[in-house]
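J.: Return atomic coordinates for the entry below.
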Amino acid sequence: MPMPRKLLLCCALLTLTAAFLPGTSLAGSKQLIDSKDYKDKDFKKCAIEDYADMVEGDDVEWLWANPAQKLADYKLKVGKVDNKSEIRSKSMVESVKTTFKDTFTDLETKGAAGTLTADLCIYDAQNMSMGKAWIPFVGGHQMQAGIGIEMVLRDQHDKVVAKFRHFAREGAQIEAAIQEVVGDLMKYVAKH
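T.: Below you'll find the predicted structure:
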């Protein structure tokens, strides 16, 4: 017996509604701990102690920020910088530290809410790889240098105010990728 038209229309409407409702996801989870990235055997933990509350961001891959804090009201300073990537390079670590420090100095924040300390950790670093250029559709991007950085922002009481995990690719040198990561992170901080 064929399905009545009204029932068929109702099922179609319910399916469409579920696809567009906030909080429902047909494509997969937006939480880091449910992502394929986190479940991958090569996932490296770095500066962040707890990933459970981190969600997918727009300009930043994964993040959590205390909604009661307006990050743009704080001055930022660099704390410790660790390197847990396979590329062991003092100059890369120094470049990360200097780039963040210079960017924090250039931020136009009043610091009315105080100062946050940014602990940084490099969880992945990749030099440019011409061998990836052949990959269809994405080879030009995949061959670029890349870097993944975790940033944890802490207040004067050592309480975590925000945490970020972000990877970006840019140019032939890791320094260009560092600039890309810092730019994406600071864009988020300035808006929030």
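J.: make it CA atoms for all contacts and neighbour counts henceforth
T.: Noted.
J.: Please go through this structure and pick out the longest strand.
T.: Identified as the longest strand of the chain according to DSSP state E is strand 115-126.
J.: where do the strands sit along the chain?
T.: Remark: strands assigned in the chain by DSSP E are 55-56, 62-65, 75-83, 115-126, 146-154, 160-169.
J.: just the helices in the chain please.
T.: Taking DSSP state H, the helices of the chain run over residues 5-20, 36-39, 90-106, 139-142, 174-191.
J.: Could you tell me the least trusted of the ones you listed?
T.: The stretch with the lowest mean pLDDT among the helices of the chain is helix 5-20, at a mean of 44.
J.: And the closest residue to residue 96 other than its chain neighbours, how close does it get to residue 171?
T.: Nearest non-adjacent residue to residue 96, counting by C-alpha to C-alpha, 6 or more residues apart in numbering: residue 178, 6.5 Å away. Residue 178 is 10 Å from residue 171, where distance means C-alpha to C-alpha, to the nearest Å.
J.: Can you name the residues bridging to the residue nearest the centre of the chain?
T.: With distances taken as C-alpha atoms, centre = their mean, the residue of the chain nearest its centroid is residue 166 (2.8 Å). With DSSP bridges applied, residue 166 shows beta-bridge pairing to residue 149.
J.: what sits against residue 41?
T.: Listed by C-alpha atoms under 8 Å, 6 or more residues apart in numbering, residue 41 has no contact partners.
J.: Could I get the phi/psi values of it?
T.: Backbone torsions of residue 41, given as degrees, to the nearest 10, read phi -60, psi -20.
J.: what does residue 35 give?
T.: Main-chain torsions, residue 35, degrees, to the nearest 10: phi -80, psi 160.
J.: and it, how many neighbours does it have?
T.: Number of residues near residue 35 (other C-alpha atoms under 10 Å) recorded here: 14.
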